[in-house]
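> Generate coordinates for the sequence data below:
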Amino acid sequence: MNRVIPVPIRRRQAFSLLELLLAVSIMTVIVASLYGMFYHVQRGLRANVTQVDVLEGARAAMDLLGRDFERTGPSDRFLGLNLTGRLNTAYSPVVQVLGDGTSTRTNLLEDVAALSRYNQKFTATAYRVLFAETGIGTLCRYDASAFPWEVDPALLVSNVLVTPIPGYATNNSAPFTPILDGVIHFRTTVHDAEGLEMSWWRTNILFQSGLYYGPEVRLQPDLLLQETRYGFLSNALPAYVEIELGVLEPRTLEQYRSFGSGSPLARKFLAEHSGQVHLFRQRVPIRLGAEMRAVNLP
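Here you go, the predicted model:
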């Protein structure tokens, strides 16, 4: 009879409390690092999506503006207004502090209108930033068309600039079409065939500078003395129109509106976020104005 020798059962070893704490600590560090990395990646993706949306919207608006200005033509009527631009008197400029902390940028909002012609039909197209009492609004476009025997083409541009605005008038409002929201800066300047900016303090009809474009070109000081209010009459047109457009990022716009538009906190917030404004600039040639040059007067 064989004798069975009992084998001692090995005692199972468990993790100690110190080992558990160490494992949990290491896991916490790894998870926190991954969470931080995922957060920054997600934030970067959101910023890219926002930037793409702003770029696409602004580029589409600039393309539409460019096509409208490029086909600007003369009315060929005595003192008929072909093209005009002026600061909007209802809105105050917004001043923002730049990245260096000392320099500033003044954002302006203009009303511009241009006349074009297709066969015998004249069309006046106007661009205005509406509902911008706080300095930020929506760029809108509207137009009015007529044949010469219906409406004098010399009056079309003037008429679209004084057309009632929806929200302020209930009857006979213009067919405004929203183009781009979050616009904080909209400005145009005119240039001659040599690329010289046609400003009131350099060239005007008073012959003060010795340069003269003719009585059909009206260059006058605007609400801000450094800005020019321009008008081209009869058959006069500039050679180029330079368009500047500033758009505030949608997320920053939402934060701004959360303060209460127009409040001191909102204005302070807006003044400190110049980095969230995307600026676009384009110089558009006007085919029929390619010969516009200044004449040196004795």
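
> Give me the pLDDT for the residue nearest to residue 136 when sequence neighbours are not counted.
Counting by CB to CB, 6 or more residues apart in numbering, residue 184 is the residue found nearest to residue 136 once chain neighbours are left out, at 5.0 Å. C-beta coordinates here come from the backbone N, C-alpha and C atoms, glycine included. The predicted local distance difference test score for residue 184 is 92.

> who's in contact with residue 184?
For residue 184, the contacting residues are 94, 107, 135-136, 246-248, 270, 277, by CB atoms under 8 Å, 6 or more residues apart in numbering.

> And the residues you listed, which of them are buried?
94, 107, 135-136, 246-248, 270, 277 (16 or more other CB atoms under 10 Å).

> Including secondary structure, could these go into a markdown table?
Supplementary listing: the buried ones among the contacts of residue 184 in a markdown table, determined by DSSP: H, G, I helix; E, B strand; the rest coil:
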| residue | secondary structure |
| --- | --- |
| 94 | strand |
| 107 | strand |
| 135 | coil |
| 136 | coil |
| 246 | strand |
| 247 | strand |
| 248 | strand |
| 270 | helix |
| 277 | strand |
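
> related to what we said a few turns ago, ok, so of the contacts of residue 184, who is nearest residue 286?
Using CB to CB, residue 246 is the member of these that lies nearest residue 286, at 23.2 Å.

> For the buried ones among the contacts of residue 184, give me JSON lines that also has pLDDT and distance to residue 237.
Output for these, formatted as JSON lines (pLDDT from 0 to 100; distance: CB to CB, whole Å):
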{"residue": "94", "pLDDT": "85", "distance to residue 237": "31"}
{"residue": "107", "pLDDT": "92", "distance to residue 237": "28"}
{"residue": "135", "pLDDT": "82", "distance to residue 237": "31"}
{"residue": "136", "pLDDT": "87", "distance to residue 237": "32"}
{"residue": "246", "pLDDT": "92", "distance to residue 237": "26"}
{"residue": "247", "pLDDT": "91", "distance to residue 237": "28"}
{"residue": "248", "pLDDT": "89", "distance to residue 237": "33"}
{"residue": "270", "pLDDT": "84", "distance to residue 237": "36"}
{"residue": "277", "pLDDT": "89", "distance to residue 237": "31"}
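
> I'd like those as CSV, with distance to residue 21 appended.
Formatted as CSV, the entries for those read as follows, by distance: CB to CB, whole Å:
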residue, distance to residue 21
94, 56
107, 57
135, 56
136, 54
246, 55
247, 53
248, 50
270, 50
277, 51
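
> For residue 64, state which of these is nearest.
Using CB to CB, residue 247 is the member of those that lies nearest residue 64, at 14.2 Å.

> The closest one pairs with what?
The residues listed as beta-bridge partners of residue 247 by DSSP bridges are residue 183, residue 278.

> mind listing what residue 234 touches?
Residues touching residue 234, when contacts are defined by CB under 8 Å, 6+ apart, comprise 74-80, 82, 216.

> and it, backbone torsions?
The phi and psi torsions at residue 234 (degrees, to the nearest 10) take the values phi 60, psi -110.

> May I see the buried residues of stretch 181-193?
Buried residues in stretch 181-193, counting neighbours by 16+ other CB under 10 Å, are found at 182-192.

> Which pair of these spans the longest distance?
When CB to CB is used, the two most widely separated members of those are 182 and 192, lying 33.0 Å apart.

> avg pLDDT for stretch 249-263?
On average, the pLDDT along stretch 249-263 is 79.

> now the end-to-end length of it.
For stretch 249-263, the separation between the terminal residues is 19 Å (CA to CA, to the nearest Å).

> Going by neighbour count, list what's buried in that stretch.
249, 252-253, 255-256, 261.

> Give me the contact list for it.
The set of residues that contact stretch 249-263 without belonging to it, under CB under 8 Å, 6+ apart, is 50-51, 53-54, 133-134, 136, 181-182, 248, 265-266, 269-270, 273, 276-278.

> in the stretch 51-200 of the chain, which spans are strands?
Taking DSSP state E, counting those that start in this stretch as the test, the strands found in the stretch 51-200 of the chain are 81-87, 94-97, 104-107, 110-118, 121-130, 137-146, 177-191.

> Now distance to residue 212 too, for these, in a markdown table please.
A markdown table is the format used below for the strands of the stretch 51-200 of the chain (distance: least, CB to CB, whole Å):
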| stretch | distance to residue 212 |
| --- | --- |
| strand 81-87 | 19 |
| strand 94-97 | 35 |
| strand 104-107 | 30 |
| strand 110-118 | 23 |
| strand 121-130 | 27 |
| strand 137-146 | 32 |
| strand 177-191 | 15 |
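
> For residue 155, grab the count of nearby residues.
Residue 155 sits with 15 neighbouring residues when counted by other CB atoms under 10 Å.

> Over to residue 56?
The local packing of residue 56 (other CB under 10 Å) involves 10 other residues.
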